[in-house]
Every structure is written in structure tokens, then in C-alpha cells.
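Colleague: pasted the sequence and its predicted model underneath.
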Amino acid sequence: MIDKKDIAEKRSEEWREILRKTIKAKDRASVDRVHMNELDADYRSSNIEEVNMGLTAEQAQSEASRCLDCIDPTCMTGCPVENNIPSFVKHIEAGNFLLAAKVLKESNSLPAVCGRVCPQERQCEAKCIYTQKMGKDAVAIGYLERFAADYEQLHGASDESVEIQKNGSKIAVVGSGPAGLSFANDMAKLGYELTIFEALHEIGGVLKYGIPEFRLPNNIVDIEINNLRKMGVEFVTDCIIGRTLSYDDLHEMGFKAIFVASGAGLPRFMNIPGENLNGVMSSNEYLTRVNLMHAASADSDTPVYFGKNVAIIGAGNTAMDAVRTARRLGAEKAMIVYRRSEEEMPARLEEVKHAEEEGVEFLTLHNPIRYEGDEKGRVKSMILQQMQLGEPDESGRRSPIEISGATIEIPVDLVIVSVGVSPNPLIPSSIDGLKVSKWGTIIVNQANMQTDVQDIFAGGDIVRGGATVILAMGDGRKAAANMHQYLTEKSDT
Amino acid sequence: MNKIVKKEYYSDKVVMFEIEASLIARARKAGHFVMVRQGEGGERIPLTIATADKDRGTITLVIQNVGKTSAKICALNEGDYITNVVGPLGKATHIENVGTVVCAGGGVGVAPLFPIVEALKKAGNRVITVLAARNKDLVILEEQMRAHSDEVIIMTDDGSSGNKGLVTNGVEEVILREKVDMCVAIGPAVMMKFVSLLTKKYDIPTVASLNTIMVDGTGMCGACRVSVGGKTKFVCVDGPEFDAHQVDFDEMLMRLSSYKDQE
Ligand SMILES: Cc1cc2nc3c(=O)[nH]c(=O)nc-3n(C[C@H](O)[C@H](O)[C@H](O)COP(=O)(O)OP(=O)(O)OC[C@H]3O[C@@H](n4cnc5c(N)ncnc54)[C@H](O)[C@@H]3O)c2cc1C
Ligand SMILES: Cc1cc2nc3c(=O)[nH]c(=O)nc-3n(C[C@H](O)[C@H](O)[C@H](O)COP(=O)(O)OP(=O)(O)OC[C@H]3O[C@@H](n4cnc5c(N)ncnc54)[C@H](O)[C@@H]3O)c2cc1C
Ligand code: SF4
Ligand code: SF4
Ligand code: FES
């Protein structure tokens, strides 16, 4: 819940009153939105360096000065975790970058990540008064969030390891993605002893094995993981809950409650002819090979196809990550095949723009219906059905309709299917009493993230299906607060 | 990090490792496998848990040296550590007393077959095991199999041990001789394909354990997918065992060659 009183109190602090008066609102509004410094498109298409280079302090302060410090900051209603946006932005304007980061950390435990990967144009920035009322470009809230968080990672007090009084209660977390990490962060601060169990050999969930380095460098995630380690959070990799350890085992080991954040890791396919040919794979497989197994590096034993003519089916963030990865691995032709039009693409706007700059081709209003292979069983072409847009469907987007008889054949040597993911069934199928929806997601009480099994809470993609980092993170925090309450009430009775 | 407590050569190219993995040893059942990664930059490969000792907290793997990763692992010695071992994975074998079962193992399939033979016997079945190899030196686990089978038939390509012929000859011999209620086939895809064709002819229910290429082993990537009864299945979570008569072995063979050019 947005705490209007708190917002008003912070807003009326003396320094902010003064800061507001230093520049007239009209002048603030006449500053152009900052441009992110980026690597050159030609240069970056052949390496994995982060594309967005961040803002300089001057750029950040100038951008922060655009913010009107609204009495009713509508931007906050667009942020799933209700970051106090004007408060952190004004600290940036005032040059107090560490204080800005502190404000962010009150509501968001992974600001360096969210600043980079949130779909801001649909969340906070969509609700900024500049977009809502003034017909201008929103304050670059995401860039500023990233700026403050990066500044803190570089210049913040490194030995912030405040002694936390441990309360002796052990809590297990299943999965080390954003939901699990943010949950652990809050619970550790409350004094619980946390152990995060991770099935893979790497910690970080999708932040590591999915989202590529050129968008979210691993070291940004590692800093957050190390912060948790400093707070005493333990990580156990190569351990699958429901397999290596059962629910009962966790009880025997003394865990008082469990937070399930196992994500939506299962790839969907379209079930069309030729989909099992060699050279057709899920985006999960492709990105896992490259990001988790480092298949493109010479020191890695894991192979990956270096396709020359690569098609990615779908237009979400995962599809954009896959197509841009293919480009970086040497694809001469890298194509996005999408059955609707550019307008309906679910990916972040910035990723689409970056993909375009990097020479990715967009075959919108096309849908694959079949793949053809050569005599060795390798994919050699795709047959695409041409589409047109009809009436809006239940999702509010105009639904694609086939143009009868209009098909084209395009040569390809690598096809990456990126049409969505389903929740990982491992946990629901191994714990009696957990209720799942028809989509396979774990059903929780939305008010407190508790499942039908009292001592199990759940959040993130396992509850929502494929969603976003910030929603997963928000779930983690909500579950932490409510689990704490549940455990406190339980021990009181 | 899992410590190797015992290493034994079963043949030139086949090595048995007993490794520390107490949690896996406790949780595993016949038919389960683990994913193993050796060294930074190492690939994840699936290996069946041949046996486990709960008290010692160890599991046993039998590895055939066929390529880069298996060679890396086979080169390790007692006291060394395997970088990552995770499991147990896959569905456990459905074990019940069905009567007479023929267990056919070829090549590296012999190792994963062993725990199944053991479990089937324990459940009260009459178990006839048919082991196939190119020659005498490549026959592995014969003694262990004899200890848990009612009969063991050895088939070699050159007749240097047991009978001369293919695994299918051995299986057919049994079928012609007595009533067989079920067949289990594990080995190279081609072998499983021909065993499956044979038992289909005689209408004998047959289970094959598929050894597809895997990446994560937890259902996350789809690299291991096969067509079973016209539907796409993930071997690591839906299998590794399937009704052999429903498996599209030709597609599986094609998919196994995916990365041939690169390895
Ligand atoms: C390629 C890609 C790009 C994306 N881009 C964006 C983006 O730009 N912006 C955005 O907001 N969102 C993006 N997303 C979505 C976002 O990453 C997810 O919504 C988010 O990571 C979900 O977090 P989570 O913590 O629920 O699960 P995950 O991040 O999926 O983590 C779950 C973890 O649990 C582990 N696990 C699963 N089962 C078990 C078990 N039984 N025992 C132990 N461990 C287990 C898994 O191995 C995994 O590490 C993207 C997703 C992908 C795949
Ligand atoms: C569920 C399961 C259980 C298995 N259990 C065992 C076991 O107990 N012992 C054991 O030795 N092996 C087992 N395997 C097979 C083992 O995983 C492969 O032999 C291994 O991945 C090869 O890796 P490599 O890097 O050494 O060889 P690579 O260099 O990858 O390949 C060498 C050669 O083997 C072929 N090959 C690669 N992968 C496979 C495969 N999965 N099946 C058949 N041929 C393949 C390649 O095409 C190539 O010709 C199992 C496989 C699965 C799926
Ligand atoms: S967390 Fe995401 S939605 Fe919230 S303010 Fe930051 S960038 Fe915007
Ligand atoms: S709505 Fe825009 S201008 Fe107003 S406080 Fe939020 S970011 Fe600043
Ligand atoms: S190995 Fe990845 S889904 Fe089976």
C-alpha cells in the first residue's frame, strides 16, 4: 500500500523544499530526457560487453532535475514494489547518491538489476506525469535507479555487515532467482537463518542462466549474492528440493518454514512438424548453453550451434536475448518471427530498439507452420504462414488471423523457439497438499503468499507463470513479511 | 564437490567409481540418474546410479569412456573430487512382479541395466539377462549380473565369449524357448530399436531407457526431447524409461548426432 503520509513527510523535509525552489517547474520541464550512453552497435554485436554504459553523475543530476517532485507522484503507482521514486530521484539531484540508493533499498532489494531489466515504459515511467499529462518523455526512472545502485556498488561502505541478532529459526528457500534472493535478504535482516537450495551449479536463477551479460552482467548479480553471504545466508548448489531432499527431510533438518521460488523453467514448443529436427531448440536450451555453460567460449566443453541464418520464434524478452546472442555468435541473418505486429511485442522497448540497431530483421505477422530438414536431419528451412490482425482478443491485443494460402519458405540453419515457459512441476508434484492451477502454478493466498501447506510460502514465476524480475522480487518481500508474522504468531500461541 | 572413494576398471574403457553423495544415496531408486560436471568449463552429462550404499553414503557410477567428458572423469583417481553431482533425477523404474523378464543390455547400457536387474529379481521375477558386446574384453558386470539373474546369456560379435551374434539373437532365443512377460532394453539407440522391433513382433511389452543428449537434466531446456507415441516427451523428467514400442528411435538416432560435427 502506498503510504501517503510517509511520502508527504519526506517531501516536506527542508532540503527538498529548498531543492524544489532552485529551478522553476517550467524550466525543469524544458530539459530533454537524457540519452543512455551505449556501445556502438557494430562494435557490440560481436562481444558480450554490456550495451548500456550507464549515466555520468552530471547526466544523472540533470535528468533528476526534470522530476517535478509531484505532490501526488503517480509514477509510484506504476512500480510493483512502490519505490519512493521522487525521494530517491531528488537525492540524486542533490548529489547524495548513496542516500538515493538507501531509499531504493527500503523497497527494492535488487535495484541494480531492476534498473536494467524492468519494463519501465509499461510500469513507473508509463505513470509519470510527463507521459500521463504533458505528452513528453517520462523521467528516466530506470536509468536513475541503475545509476544510484551502481554508484552504491562502487562507492558504498563495503563493510556494511551490521551484526544482526540471530533468532535461531532456520528457513529454507527453494531456488536462487530474484524471488528467493529478495526473500532471503528480508528474512536475514529479521534474524532468521537462511539456506537457499539451488538445483543448478550456479546461483541467480534466470538472472544468470537466462538474461545475457550484455544486458545484465553477472558481476552485478554476484555483488548482491555476496551481500547475502555477508549476512550469513547459506547457499547449497546442486540440490534439488523434491529430489535430493524431500519436504520431510527439510523438517528433519530443523527448517521451520519453506519459501518456494522455483521459477517457470519449462520451455513450451508449438508442436508443429519438424520441431524435433536438429538445429531447432528452445530459447532456454540456447541461452543455458551460452550463459550457464559458456558454450561459446573456447574453454567450454559444451557445444552450441553457430548458426548463420537464425530464426527466433516469438518476441518477448527471451526472444530478444536469444536473437541478439545469435548475432554475437556470428549469425549473418538473425530474424525475429512473430505472429502479431511490432506494436504487440511483449519485449521491453529498449531491447527491440537495440536489436534493430544490431541488424536483427523483424518478420512480424508471420507464424511458422513447419520446418524442413536435410538428409542428416538438420533443419534447412521454415515455412511461415502470413497473418493479419483481427479483432482484439481477451488479452486486449488484436489477434492474428491466417491469410489463407499465403505462405513463404525461408532458409535457416538454426531455429530458436521462444513462445513461453511453464512452471517447473518438480515441487508441486513432490509435496502432498500443494494446490496447483490448471497452468501448473502453485496457488497461494494472494494476501500473504501462503500455500495450502501452512509452513510453505511461494512466490515469483512458480506462482505467476513467466512474469518479471520486479514482480518476483516483490513476492519475495511480501512472503518474508508474512512468514515472519506467521512464525511470530505461531510461537506466541 | 564429491570425493571418489573407490575406482575400479571393468575394462579398458569402462570404469566404476564409488563417490561420496550421502543425500543422493538416501533418495535414489533403481532407474534414477545424476548429472555430473567435471571442472570449470565442464559439460553436464547424465550417468545412471548403478548402486548406492546408504550407510556409507556413497553412490556407484559406471562410466564408459566415449568422448571428452567421460574421458575427463575416467582419468580421475581415488581421493580426487568430481566438481558437481546432482540428483537423483528421472522417474524411478516401475518394478513389480510380472513373471519372466528378459533384460537386454548392450555396450554402455549394461551399467544402467544393473540396478534394474537387481530390483526386478528382488521383486520375485524370473530374470534372464542378455549381455552383448563386441568381444570378450568388453563384456562388463558379468559376475554382478549373475548374482542377481536366474540366467545370463552373453553375446559377442566375434564369439570370443558366450554365443556369437547380436543381442537380438540372444533375446529371440529366450522368447522361442519360454514365455516372456516383459523385456527391458538398455544400450545404444540402434540396439534398442532392433530389440523393440523384435519384441513387437512377439507382442511382448518392452521398456527402453533412453540415453538422449541432455543439458540440465531437470526439464528446463528440452534438449533431451523424443517422440513417444507421436507426442514430444522430455527424457530427463518424463523418462528415461518409456514403452519401447511407442518410441521413434529413428528420430532419436538423428538427434543423438546433433553435435557430431563439433565434437
Ligand atoms: C531470457 C530471459 C529474459 C528475461 N528478461 C526479463 C527482463 O528483461 N525483465 C524482467 O523483468 N523479466 C525478465 N525475464 C523474466 C524474469 O527473469 C523472471 O520472471 C524471474 O527471474 C522470475 O524469478 P523467480 O525467482 O521466480 O525464478 P527464477 O529466476 O526462474 O529462479 C528459479 C530458480 O529455482 C531453481 N529451482 C527450480 N526448481 C528447484 C528445486 N526443486 N530445487 C532447487 N532449486 C530449484 C532454478 O534452477 C532457478 O535457478 C526474463 C526471463 C528470461 C528467461
Ligand atoms: C539417462 C541417461 C543415463 C546414462 N547413463 C550412463 C551410464 O551409466 N554410463 C555411461 O557411461 N553413460 C551413460 N549415459 C550416456 C552418457 O551420458 C554419454 O555417454 C555421455 O554424455 C557422453 O559424453 P562425452 O562428452 O564423454 O562424449 P561426447 O564427446 O559428447 O560424445 C562421444 C560420442 O558419444 C555419442 N554420444 C553423446 N552422448 C550420447 C548419449 N547420451 N548416448 C549415446 N551416445 C552419445 C556422441 O554422438 C559421440 O559420438 C547415460 C545417458 C542418459 C541420457
Ligand atoms: S523497480 Fe522497476 S518499476 Fe519500480 S521504479 Fe524501479 S524501474 Fe520502475
Ligand atoms: S510522476 Fe514523474 S515528475 Fe512526478 S514525481 Fe514521479 S517521476 Fe517525478
Ligand atoms: S535435459 Fe534439459 S530438459 Fe531434459
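Modeller: Received, thanks. Numbering: from 1, shown residues only, chains lettered A, B, ... in the order given. Ligands and ions are numbered 1, 2, ... in the order given.

Colleague: you'd agree A:A315 is up against A:M345?
Modeller: Yes. Using C-beta atoms under 8 Å as the test, A:A315 is close enough to A:M345 to be in contact (4.0 Å). All C-beta atoms are positioned from the backbone trio N, CA, C, and that covers glycine.

Colleague: overlap of the contact sets of the two?
Modeller: By the contact definition C-beta atoms under 8 Å, 6 or more residues apart in numbering or on different chains, A:A315 and A:M345 are jointly contacted by A:338, A:352.

Colleague: more neighbours, the two?
Modeller: Legend: neighbour count by other C-beta atoms under 10 Å in any protein chain shown for A:A315 and A:M345, higher for A:A315 (27 against 22).

Colleague: elements contacting the helix or strand of chain B at the bottom of the mean pLDDT ranking?
Modeller: Taking mean pLDDT, DSSP states H and E as the measure, the helices and strands of chain B show their lowest mean at strand B:163-164, namely a mean of 86. Of the remaining helices and strands, those touching strand B:163-164 by 3 or more C-beta pairs under 8 Å, 6 or more residues apart in numbering or on different chains; DSSP states H and E are strand B:151-156.

Colleague: which element follows the lowest-mean-pLDDT helix or strand in chain A toward the C-terminus?
Modeller: Across the helices and strands of chain A, mean pLDDT, DSSP H and E gives its lowest value to helix A:426-430, namely a mean of 86. Beyond helix A:426-430 on the C-terminal side, the first helix or strand identified by DSSP states H and E is strand A:456-458.

Colleague: what average pLDDT does that following strand get?
Modeller: If you average the pLDDT over strand A:456-458, you get 97.

Colleague: and the helices in the stretch 51-200 of chain A?
Modeller: Assigned by DSSP state H, counting those that start in this stretch, the helices in the stretch 51-200 of chain A fall at A:57-66, A:85-93, A:97-107, A:111-117, A:129-132, A:141-155, A:178-189.

Colleague: can I get the ones you listed in JSON lines with distance to chain B and mean pLDDT?
Modeller: Output for these, formatted as JSON lines (distance: least, C-beta to the nearest C-beta, whole Å; pLDDT from 0 to 100):
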{"stretch": "helix A:57-66", "distance to chain B": "37", "mean pLDDT": "95"}
{"stretch": "helix A:85-93", "distance to chain B": "35", "mean pLDDT": "96"}
{"stretch": "helix A:97-107", "distance to chain B": "31", "mean pLDDT": "93"}
{"stretch": "helix A:111-117", "distance to chain B": "20", "mean pLDDT": "95"}
{"stretch": "helix A:129-132", "distance to chain B": "37", "mean pLDDT": "94"}
{"stretch": "helix A:141-155", "distance to chain B": "25", "mean pLDDT": "94"}
{"stretch": "helix A:178-189", "distance to chain B": "16", "mean pLDDT": "95"}
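
Colleague: for those helices, give me CSV that also has distance to A:T195.
Modeller: Listed next are the helices of the stretch 51-200 of chain A as CSV, based on distance: least, C-beta to C-beta, whole Å:
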stretch, distance to A:T195
helix A:57-66, 38
helix A:85-93, 32
helix A:97-107, 23
helix A:111-117, 22
helix A:129-132, 43
helix A:141-155, 25
helix A:178-189, 9
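
Colleague: and A:G377, which of those is closest to it?
Modeller: A:G377 sits nearest to helix A:111-117 of all these, at 36.9 Å, using C-beta to C-beta.

Colleague: elements contacting the closest one?
Modeller: With contacts defined as 3+ C-beta pairs under 8 Å, 6+ apart, the packing partners of helix A:111-117 are helix A:97-107, helix A:141-155, helix A:218-230, helix A:469-492.

Colleague: one more time with 10 Å
Modeller: In terms of contact count using 3 or more C-beta pairs under 10 Å, 6 or more residues apart in numbering or on different chains; DSSP states H and E, helix A:111-117 is assigned the packing partners strand A:52-54, helix A:97-107, helix A:141-155, helix A:178-189, helix A:206-209, helix A:218-230, helix A:349-357, helix A:469-492.

Colleague: what stretches of chain B score poorly on pLDDT?
Modeller: B:260-263 (pLDDT under 70).

Colleague: what's the domain layout of it?
Modeller: With domains defined by automatic domain parsing, chain B comprises B:2-89, B:100-256.

Colleague: just put these in TSV and tack on distance to A:E13 and mean neighbour count.
Modeller: What follows is the domains of chain B, written out as TSV (distance: least, C-beta to C-beta, whole Å; neighbours: other C-beta atoms under 10 Å in any protein chain shown):
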stretch	distance to A:E13	mean neighbour count
domain B:2-89	50	19
domain B:100-256	48	20
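
Colleague: any chance of those in a markdown table, plus distance to ligand 5?
Modeller: Formatted as a markdown table, the entries for the domains of chain B read as follows, by distance: least, C-beta to the nearest ligand atom, whole Å:
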| stretch | distance to ligand 5 |
| --- | --- |
| domain B:2-89 | 8 |
| domain B:100-256 | 3 |
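
Colleague: for ligand 4, find the nearest of the ones you listed.
Modeller: With respect to ligand 4, and counting by C-beta to the nearest ligand atom, the nearest of the domains of chain B is domain B:100-256 at 38.1 Å.

Colleague: that older thread, put together JSON lines for the helices and strands packed on helix A:111-117, with distance to B:M192 and mean neighbour count on each row.
Modeller: JSON lines is the format used below for the helices and strands packed on helix A:111-117 (distance: least, C-beta to C-beta, whole Å; neighbours: other C-beta under 10 Å):
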{"stretch": "strand A:52-54", "distance to B:M192": "50", "mean neighbour count": "16"}
{"stretch": "helix A:97-107", "distance to B:M192": "56", "mean neighbour count": "20"}
{"stretch": "helix A:141-155", "distance to B:M192": "53", "mean neighbour count": "23"}
{"stretch": "helix A:178-189", "distance to B:M192": "40", "mean neighbour count": "27"}
{"stretch": "helix A:206-209", "distance to B:M192": "32", "mean neighbour count": "24"}
{"stretch": "helix A:218-230", "distance to B:M192": "41", "mean neighbour count": "17"}
{"stretch": "helix A:349-357", "distance to B:M192": "43", "mean neighbour count": "18"}
{"stretch": "helix A:469-492", "distance to B:M192": "42", "mean neighbour count": "20"}
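
Colleague: could I get the ones you listed as a markdown table with distance to ligand 3?
Modeller: Supplementary listing: the helices and strands packed on helix A:111-117 in a markdown table, determined by distance: least, C-beta to the nearest ligand atom, whole Å:
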| stretch | distance to ligand 3 |
| --- | --- |
| strand A:52-54 | 13 |
| helix A:97-107 | 8 |
| helix A:141-155 | 4 |
| helix A:178-189 | 11 |
| helix A:206-209 | 14 |
| helix A:218-230 | 14 |
| helix A:349-357 | 12 |
| helix A:469-492 | 5 |
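
Colleague: among the ones you listed, which is nearest A:R339?
Modeller: Shortest distance between A:R339 and those, using C-beta to C-beta, is found for helix A:349-357: 15.9 Å.

Colleague: CA atoms of that closest one as PDB?
Modeller: Included here for helix A:349-357 are C-alpha records, laid out as PDB according to Å, rounded to 0.1, in the frame of the first residue of the first chain:
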ATOM      1  CA  LEU A 349      11.000  -1.400 -25.900                       C
ATOM      2  CA  GLU A 350      14.700  -0.800 -25.400                       C
ATOM      3  CA  GLU A 351      15.600  -4.400 -26.300                       C
ATOM      4  CA  VAL A 352      13.600  -4.200 -29.500                       C
ATOM      5  CA  LYS A 353      15.400  -0.900 -30.300                       C
ATOM      6  CA  HIS A 354      18.800  -2.400 -29.500                       C
ATOM      7  CA  ALA A 355      18.000  -5.500 -31.600                       C
ATOM      8  CA  GLU A 356      17.100  -3.300 -34.600                       C
ATOM      9  CA  GLU A 357      20.300  -1.300 -34.300                       C
END
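
Colleague: domain parsing for chain A?
Modeller: As assigned by automatic domain parsing, chain A contains the domains A:1-27, A:31-155, A:170-265+A:422-492, A:269-419.

Colleague: quick check: which element contains B:R26?
Modeller: B:R26 belongs to helix B:22-27 when elements are defined using DSSP H and E.

Colleague: alright, calling it a day.
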